[in-house]
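1. next input, structure requested:
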Amino acid sequence: MEKTFLVSGGGTGGHFFPAVSFLELLREKNLKSIYVGSYYGIEKRLQEDIPSQKIFLDTKGFVGKGYFDKFRSLYLMGKSVYELNKAIRDDFIGVAFGGYASLPVGILSALKRKHLFIHEQNAIPSLTNRLLSKKSTLSFTTFYYTSKFFKNPLRVGMPLREEFLSFYDKKELQKEFGLESPCILVMGGSQGAKALNDTAVEFFQKTNFNGVIIAGDKHFDEVYNALKSLKRVKVFPFFKEIYKLMKACDVAVSRSGASTVYEMASVGLPAVFVPYPYAFHNHQYYNALEIKDLGGAKVLEQKDLNLQNLIEAIEDILKNLEIYSKNISSFCIKNEKNGIILPQEIMLEKVLEIL
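-> I've put the predicted structure just below:
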């Protein structure tokens, strides 16, 4: 009987989008797959982007909740595992990308003694993946640092959209956006980041740099109104083809979520990382630190983020731009021709080897 890939990962975009990249590869290879997510995560809103059959379960987060909500989450988790077991009739392989939405697949894989493969995006693993790694056949990681947390790690990098590896002429992209070098890209994650936005507004008002700010829906009007007189600065609430902006700009100022870090590495875009200070176990700081140690980025903690420090960090990168670009690019896994390999392809190859 043909095995089905039971793929999960959701709750937030950081877990969901890597799962989608893996599912797209499975579809390309004509391998059967089912996506499992939560009714309450980002995956439900973006279900049209899921390239496979899908199952949504009544699962909710556990970490940071009160006693009653924790008890309810545990009850819903047990119920979800039961419902998933009823729904899956095929022999399956579990592939979990983390987040509370991954637990039913992980638990069911363990109970039925099926192969379970996990992927941890961040340098510091989530609670979900720490638990699931005890039963996993192999634990894929994005960062080198993560290997110390797992008994069976293999670093593959972060699943990417193929567009990040496509060729785009930088000058043509700058022409398309009305930009010139040196150009600074400021992005605070999918929701934006007020601390980055406020400093970026002051930065562009008091310097002559070209730039792009991904301000987030919540902060867009405020940032746009502050900078609308500066034609050399573009402001967007969100930008789906972010790979184009990354390839058009010279330096980024950004949070250091795992997807963002690996995407920048794939296009050789050095960064000033300002880690989100309230992330679980401060994982964004450790994400950024690994790139800093490679010589591909500067790290400014949010408490140290001000105009002068930002200018100094950006100017230092621009003075050594080629070196910084080469160093951040070295974070990606490459083939013998020095071409970047899509991490999801490495994952699938290893899974099929084991099966």
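
2. quick one: the strands in the stretch 251-355 of the chain?
-> Listed in chain order, the strands of the stretch 251-355 of the chain (DSSP state E, counting those that start in this stretch) span 251-254, 271-273, 297-299.

3. and the chain, by the same measure?
-> Assigned by DSSP state E, the chain shows strands spanning 4-8, 33-38, 53-57, 92-96, 116-120, 138-141, 153-155, 183-187, 210-214, 233-236, 251-254, 271-273, 297-299.

4. partners of the last one, with directions?
-> Read that as strand 297-299. Strand 297-299 has these partner strands in its sheet, going by DSSP bridges: strand 271-273 (parallel).

5. next, the buried residues of the strand it pairs with.
-> Buried residues in strand 271-273, counted by 16 or more other C-beta atoms under 10 Å: 271-273. All C-beta atoms are positioned from the backbone trio N, CA, C, and that covers glycine.

6. who's in contact with that strand?
-> For strand 271-273, the surrounding residues in contact (C-beta atoms under 8 Å, 6 or more residues apart in numbering) are 251-256, 261, 264, 284, 287-288, 291-292, 296-300, 310, 313-314, 317, 328.

7. if we go to 10 Å?
-> Strand 271-273 has contacts (C-beta atoms under 10 Å, 6 or more residues apart in numbering) with 184-187, 196, 246, 251-257, 260-261, 264-265, 284-285, 287-289, 291-292, 296-301, 305, 309-310, 312-314, 316-317, 324, 328.

8. which elements pack onto the helix or strand of the chain with the lowest mean pLDDT?
-> Using mean pLDDT, DSSP states H and E, helix 67-87 stands out as the lowest-scoring helix or strand of the chain, at a mean of 84. Applying 3 or more C-beta pairs under 10 Å, 6 or more residues apart in numbering; DSSP states H and E, one finds that helix 67-87 contacts strand 33-38, strand 53-57, helix 103-111.

9. next, the angle from that helix to strand 53-57.
-> On the basis of axes from the mean of the first three to the mean of the last three C-alpha atoms, to 10 degrees, helix 67-87 is oriented at 150 degrees to strand 53-57.

10. need the contact partners of helix 67-87.
-> For helix 67-87, contacts defined as C-beta under 10 Å, 6+ apart pick out 6, 8, 34, 36, 38-40, 55-66, 100-101, 103-108, 110-112.

11. show me the contacts for the residue most central in space within the chain.
-> By C-alpha atoms, centre = their mean, the chain has its centre lying nearest to S259, at 2.2 Å. Counting by C-beta under 10 Å, 6+ apart, S259 touches 13-15, 17-18, 21, 121-122, 142, 158-161, 189-190, 242.

12. next: S102.
-> By C-beta under 10 Å, 6+ apart, the residues touching S102 are 7-11, 15, 19, 36-38, 59, 94-96, 118-119, 126, 128-129, 131-132.

13. burial count for S229?
-> Other residues within reach of S229, judged by other C-beta atoms under 10 Å, total 8.

14. per-residue confidence at it?
-> With respect to pLDDT, S229 scores 94.

15. same check on the one 10 residues further on?
-> Note for F239: predicted pLDDT of 89.

16. ok, it - contacts?
-> For F239, the contact set (C-beta under 10 Å, 6+ apart) comprises 185, 187, 212, 214, 245-246.

17. quick revisit: K170: which of the strands of the chain is closest?
-> Proximity to K170, assessed across these by C-beta to C-beta, is greatest for strand 183-187 (9.6 Å).
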